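Participant: The following comprises the amino acid sequence and a computationally predicted model.
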Amino acid sequence: MRRSGRISAAALALALAAGEMAQASDDCTQDAMVVFDGSGSMSEMGFNLLDTPRIFEARRAVREAMPRIAPFRNLGLIVYGPGARDACSNIDLRFLPEPDAAERIVSEVDALEPAGDTPLTAAVMQAAEALEFRAEPGAIVLVTDGKETCGGAPCQLAAELAADAYDLTVHVIGFKVRGEHFSWGEAGEAEYRNGTTVARCLADRTGGTYASAETVEELVDALDDTLGCRLIGALERRRG
């Protein structure tokens with residue numbers, strides 16, 4: 001049985017000392033799973049209007065965001081893409097939700113070498129199972145560059161989760177998602193650059209947030225918004 005969500009003792013003491021505990025969102029007490037896209041497209045560069053591989057900037061964002069998020073809720077990690085199995089079977093539960101997981105998440109993402117296809121639907125389902133979604137509240141944050149390439153049906157899964165979950169919210173962050181077709185000209189480039197992942201319906205059907213991120217700063221903000229809580233902002237303001 002997984003651990004129930006708890007704000008860490010150090011964070012709790014700091015919050016009480018600051019007199020800001022009333023600012024905490026209920027979501028901060030829920031365990032969360034991060035589902036991280038490690039497929040081969042995360043290493044693309046030189047086309048798709050990408051100056052550097054997506055994974056470089058994703059690592060930077062994770063290093064910045066996780067140390068201030070992890071003290072306030074239990075986090076776990078699933079990575080899909082790289083692995084020794086067939087390309088659509090590489091879904092790796094790195095660890096279940098645990099306290100103060102920032103260092104572990106940063107280490108896993110820093111060591112990630114993108115490869116393989118994109119079984120994002122199956123990965124989200126595995127995250128839901130890890131959270132015991134039929135009996136326990138929880139949250140999933142999917143970080144993906146867009147497509148499902150392994151035959152999964154994210155919108156069908158969204159309907160099933162919405163119907164069967166006790167209290168599960170799926171947030172989706174589309175990181176440097178590209179459209180299906182590129183066309184020349186300013187309007188065509190803008191449309192291509194502002195693609196939307198097919199996984200958006202996972203957020204729409206479960207009451208989650210869909211965020212589009214094109215830069216490191218936008219990805220940091222999206223991680224803060226989906227995994228963080230009001231307590232974090234309150235404490236940051238208090239320290240300032």
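Facilitator: Looks like it arrived, so ask away.

Participant: Hmm, residue 206 is touching residue 161, no?
Facilitator: Yes - the pair residue 206 and residue 161 passes the contact test of C-beta atoms under 8 Å, sitting 5.6 Å apart. Placement of C-beta: from N, CA and C, glycine included.

Participant: Find residues that contact each of those two.
Facilitator: The contact sets of residue 206 and residue 161 overlap at 168, 170 (C-beta atoms under 8 Å, 6 or more residues apart in numbering).

Participant: now the helices for the chain?
Facilitator: Remark: helices of the chain, listed N- to C-terminal, are 9-18, 54-69, 102-110, 120-130, 154-164, 186-193, 200-206, 216-227, 230-239; assignment by DSSP state H.

Participant: Which residues does the fifth one contact?
Facilitator: For helix 154-164, contacts defined as C-beta under 8 Å, 6+ apart pick out 120-121, 124-125, 128, 133-134, 148, 168, 170, 198-199, 201-202, 204-206.

Participant: low pLDDT regions in the chain?
Facilitator: Segments of the chain classed as low confidence (criterion: pLDDT under 70) are 1-27, 44-51, 179-196, 230-240.

Participant: Kindly reformat the helices of the chain as TSV containing mean neighbour count.
Facilitator: Rendered in TSV, the data for those read as follows (neighbours: other C-beta atoms under 10 Å):
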stretch	mean neighbour count
helix 9-18	15
helix 54-69	20
helix 102-110	17
helix 120-130	23
helix 154-164	17
helix 186-193	12
helix 200-206	21
helix 216-227	20
helix 230-239	16
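
Participant: now residue 91, which residues is it bridged with?
Facilitator: Beta-bridge partners for residue 91, by DSSP bridges, are residue 80.

Participant: from what I can see residue 94 touches residue 82, true?
Facilitator: No - at 11.8 Å, residue 94 and residue 82 do not qualify as touching, with contact defined as C-beta under 8 Å.

Participant: For residue 219, see how far away the residue nearest to residue 110 when sequence neighbours are not counted is.
Facilitator: The spatial neighbour of residue 110 that comes closest, neighbours along the chain excluded (C-beta to C-beta, 6 or more residues apart in numbering), is residue 59 at 5.6 Å. When distances are taken as C-beta to C-beta, to the nearest Å, residue 59 and residue 219 turn out to be 10 Å apart.

Participant: swap in residue 202?
Facilitator: If you measure residue 202 against residue 219 using C-beta to C-beta, the figure is 18 Å.

Participant: Okay, buried residues for stretch 32-48 please.
Facilitator: Residues 32-44, 48 are the ones in stretch 32-48 that count as buried (16 or more other C-beta atoms under 10 Å).

Participant: Closest to residue 66 out of those?
Facilitator: residue 34 (8.9 Å; C-beta to C-beta).
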